[in-house]
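Q: Sequence first, predicted coordinates after that:
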Amino acid sequence: MARGTKLALIVTAALIASLSILVSPYQTILISLLNPPQIPGSQDRLHTAQTIPVQAAVGPESLAFDPSGNGPYTGVADGRILKWQGDAGWTDFAFTTSNRKECGQPFAPEKEHVCGRPLGLRFYKKTGDLYIADAYHGFLVVGPKGGVATPIATEADGQPIFFTNDMDIDELEDVIYFTDTSMVFRRREFMSSILNGDKTGRLLKYDMATKRVTVLLQDLVFANGVALSKDHSFVLVVETSTFRILRLWLQGPNAGKTDVFAELPGFPDNIRRNSEGEFWVALHSKKGLFANLIVSYPWFGKALLKLPLNFKQLHKLLVGKPHATAIKLSEKGEILNVIEDSEGKTLRFISEVEEKDGKLWLGSVLTPFIGVYNL
């Protein structure tokens, strides 16, 4: 690209961003132009979901049910892991650190490194133990009665696990696959990670017997959700910033090889397998004009970071108006179903979709509630 053309694009982007955010008379018009398009064939029904508020908390990112079917359990922004007790509401179940003197605020990103930020959750059915991916305190486990979790992995190949994100458990082999999103950026810097095009993510494996952590994949772009196939022949890992899901073959003639399992119309977050072997993917948002530019032109995201915009303003440029999108994939990566709340009337910025007993349970890293949608 010619230097003059590149400069012109940067200047144009800066003008659009500044106008859309800072000049109020133009906000509605310009932001409408940035909104992601409707996905062909999608069903705009997620607005009919019910919501369950998470009292005095924000960001129920991941949802897990214990071996008895109780829950869900979820981690929130102040570092707690909560359990849903139905009519009794939410109760504290576990913590990823005992150092909680400064952890009274529902949302305080500047204290996440102290209070912890539990993200992915999975129960080990054989024991009832809950495994926790905490963005700051690493990979942990807590017993069926809850309490303070015990760290079990904080480094791999001599490098610290810097941004633990999600996992899945292979109960046949007694190993756990989990992601380290970035070796450079912390969770509270995830916007910088995306806009800088950071490629330091890893897929790791924890062996319960040997307590050893090995690196399976590296140089991933915002490594995020993890899901094992029903037949245990492959494991999937989400690359949020490239809008795709990678497949690492564990068995068969392709064992050890990686390919693209699915390309998606937005920023995928967590991925969860249902009882049929299909996969539900939560999109943080669909991709619009700015998201496409960031992927096509790596320098574009870095240019946005130099503008005088805060997190909320940058987020608005990337995602447009609030909305929610859940996508069901076949075991071959084909899109089977897309369900949306395209106007964000009830749900927005979902992070996980867990199918259980004819319902979808939906988490969100940004809202103070979870959603429940009847299939």
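A: All right, it came through fine.

Q: what number of residues lie near Gly143?
A: Close neighbours of Gly143, defined as other Cβ atoms under 10 Å, add up to 13. Where you see a C-beta, it was placed from the backbone N, CA and C, and this is true even at glycine.

Q: repeat for Gln50
A: For Gln50, the neighbour count with other Cβ under 10 Å is 12.

Q: What residues does it make contact with?
A: Taking Cβ atoms under 8 Å, 6 or more residues apart in numbering as the criterion, Gln50 is in contact with 371-373.

Q: Now the buried members of those.
A: 371, 373 (16 or more other Cβ atoms under 10 Å).

Q: low pLDDT regions in the stretch 1-150 of the chain?
A: 1-34 (pLDDT under 70).

Q: in it, which spans are strands?
A: In the stretch 1-150 of the chain, the strands defined using DSSP state E, counting those that start in this stretch lie at 50-53, 63-64, 73-75, 80-84, 90-95, 118-124, 129-134, 138-142, 147-148, 150-153.

Q: For Arg92, which non-adjacent residue is closest in space?
A: Not quite, residue 92 is Asp, not Arg. Arg80 (5.6 Å; Cβ to Cβ, 6 or more residues apart in numbering).

Q: can I assume that neighbour is in contact with Phe95?
A: Yes. Assessed by Cβ atoms under 8 Å, Arg80 is found in contact with Phe95 at 6.1 Å.

Q: Of these two, which one has the most company?
A: More crowded of Arg80 and Phe95, by other Cβ under 10 Å: Phe95, with 26 against 23.

Q: That one and Val76 touch, don't they?
A: No. If you go by Cβ under 8 Å, Phe95 and Val76 don't touch, sitting 11.0 Å apart.

Q: Just say helix, strand or coil for Phe190.
A: With DSSP: H, G, I helix; E, B strand; the rest coil as the basis, Phe190 sits in helix.

Q: and the gap between Pro160 and Leu362?
A: Counting by Cβ to Cβ, to the nearest Å, the gap between Pro160 and Leu362 amounts to 32 Å.

Q: More neighbours: which of those two?
A: Neighbour totals were compared for Pro160 and Leu362, and Leu362 leads with 29 against 11 (other Cβ under 10 Å).

Q: which residues does that one form a beta bridge with?
A: Val353, Gly371 (DSSP bridges).

Q: and it, what pLDDT?
A: Per-residue pLDDT puts Leu362 at 98.

Q: Ramachandran coordinates for the closest residue to Asn274 other than its chain neighbours?
A: Distances taken as Cβ to Cβ, 6+ apart put Glu355 closest to Asn274, at 4.2 Å, once the chain neighbours are dropped. Dihedral pair for Glu355: phi -90, psi 130, per degrees, to the nearest 10.

Q: just checking, Glu355 touches Ala282?
A: No. Glu355 is beyond contact range of Ala282, at 11.7 Å (criterion: Cβ under 8 Å).

Q: what's the spacing between the closest residue to Thr96 other than its chain neighbours and Gly79?
A: Nearest non-adjacent residue to Thr96, counting by Cβ to Cβ, 6+ apart: Gly116, 3.7 Å away. Plainly put, Gly116 is 4 Å away from Gly79 if you go by Cβ to Cβ.

Q: the more surrounded of Glu355 and Ala282?
A: Neighbours were counted for Glu355 and for Ala282 using other Cβ under 10 Å; Ala282 has more, 31 against 20.

Q: And whichever strand or helix holds the more buried one, what's buried?
A: Counting by DSSP states H and E, the element that carries Ala282 is strand 279-286. The neighbour-count check on strand 279-286 (16+ other Cβ under 10 Å) flags 279-286 as buried.

Q: Before I go, just wanted to say thanks for your time.
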